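In: no sequence on this one, just coordinates:
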């Protein structure tokens, strides 16, 4: 399974998001530490989920990091997150 597909699957299963955007930004980091020629090392994720209701930014991000622990320990070098509760989604 490709890294982006694994991220999408795990976040969907864990958070049932109303919106999930995943952007592979690996091409912006070519030649940098952690970059691989095949890409899929640097991602930007924006996720809207009711699971984030009542949680602060750090708690939300910790939940996402926990859900993606396997990817963060291996192929993913960098992950930029925007975690949003539905009431905040504008």
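Out: That came in fine, so what should we check first? Source: prediction; values computed, not measured. Numbering: from 1, shown residues only.

In: so where is the protein shaky, pLDDT-wise?
Out: For the chain, the stretches with pLDDT under 70 are 1, 29-39.

In: can you give me the strands in it?
Out: 19-24, 42-48, 78-84 (DSSP state E).

In: what's the residue closest to the geometric middle of the protein?
Out: residue 45 (4.2 Å; Cα atoms, centre = their mean).

In: Quick check: that residue touching residue 81?
Out: Yes - Residue 45 lies in contact with residue 81 (Cβ atoms under 8 Å); the separation is 5.4 Å. Every residue, glycine included, has its C-beta placed from N, CA and C.

In: Give me the common contacts of these two.
Out: Common contacts of residue 45 and residue 81, defined by Cβ atoms under 8 Å, 6 or more residues apart in numbering, comprise residue 64.

In: from what I can see residue 26 touches residue 44, true?
Out: No - with contacts counted by Cβ under 8 Å, residue 26 stays clear of residue 44, the gap being 10.5 Å.

In: More neighbours: which of these two?
Out: Using other Cβ atoms under 10 Å as the criterion, residue 26 and residue 44 rank with residue 26 on top: 23 against 15.

In: Show me what the residue nearest to the centre of the chain is bridged to.
Out: Residues in a beta bridge with residue 45, per DSSP bridges, are residue 22, residue 81.

In: show me what contacts it?
Out: 7, 11, 20-23, 64, 79-82.

In: most surrounded residue in those?
Out: residue 7 (25 neighbours).

In: Verify the stated contact: that residue with residue 43.
Out: Yes - counting by Cβ under 8 Å, residue 7 does reach residue 43; the two are 6.6 Å apart.

In: Touching both of the two, which residues are there?
Out: In contact with both residue 7 and residue 43: 22, 76, using Cβ under 8 Å, 6+ apart.
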